[in-house]
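Peer 1: sequence first, predicted model second:
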Amino acid sequence: MELDLCWITVAGKDPITYFNANPGRFPAVHVKDIKQLPKPEDAPTTGPDRQMEFLTDVGSGVIPWKDIFANAGKAGIQHYFVEQDNPKDAFASIKSSYDFLSKLNY
């Protein structure tokens with residue numbers, strides 16, 4: 001299973017709860033961040049990646065990366081795919097995300 005850590009959080013679910021319930025079942029994850037979590041009534045139901053202008057570089061938003069990655073072993077994570085669906089500058093975005101992730105201690 002390849003779990004999108006941003007969208008599961010936007011849906012109001014805790015990825016760590018899924019890791020605990022399904023240990024070792026998440027070899028790949030999407031690493032994407034969001035500036036703020038939308039209220040359920042404001043969340044888009046179709047094409048959310050294109051409709052949500054508040055997606056942001058990893059580390060610039062509200063996803064609790066330190067807590068999530070502290071449970072990576074339990075989850076079975078082997079591959080991390082960093083995403084930013086609509087960056088203004090793709091190279092600056094990936095550099096910002098890389099800089100945050102490379103310094104993250106958990």
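Peer 2: Yep, that arrived.

Peer 1: contacts, neighbours, all on C-alpha from now
Peer 2: Noted.

Peer 1: for the nearest residue to Phe54 once chain neighbours are set aside, the count of nearby residues, please.
Peer 2: Nearest non-adjacent residue to Phe54, counting by CA to CA, 6 or more residues apart in numbering: Lys35, 5.4 Å away. As a burial measure, Lys35 scores 16 neighbours (other CA atoms under 10 Å).

Peer 1: report the contact partners of Lys35.
Peer 2: 54-56, 60-62 (CA atoms under 8 Å, 6 or more residues apart in numbering).

Peer 1: what is the burial count for Val82?
Peer 2: 17.

Peer 1: now do the one 4 residues further on
Peer 2: If you count neighbours by other CA under 10 Å, Asn86 ends up with 17.

Peer 1: A strand includes it, no?
Peer 2: No: counting by DSSP: H, G, I helix; E, B strand; the rest coil, Asn86 is not found in a strand; it is coil.

Peer 1: and it, how far from Tyr18?
Peer 2: Distance, Asn86 to Tyr18, by CA to CA, to the nearest Å: 27 Å.

Peer 1: any chance of TSV for the contacts of Lys35, columns pLDDT and secondary structure?
Peer 2: Listed next are the contacts of Lys35 as TSV, based on pLDDT from 0 to 100; DSSP: H, G, I helix; E, B strand; the rest coil:
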residue	pLDDT	secondary structure
Phe54	80	coil
Leu55	88	strand
Thr56	93	strand
Ser60	96	coil
Gly61	95	coil
Val62	95	coil
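
Peer 1: buried ones only from the residues you listed, please, as a PyMOL command.
Peer 2: Remark: buried members of the contacts of Lys35, expressed as a PyMOL selection using 16 or more other CA atoms under 10 Å:
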select buried, resi 55+56+61
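
Peer 1: from the contacts of Lys35, pick the one nearest Ser97.
Peer 2: Compare each of these with Ser97 using CA to CA and the shortest gap goes to Ser60, at 8.3 Å.
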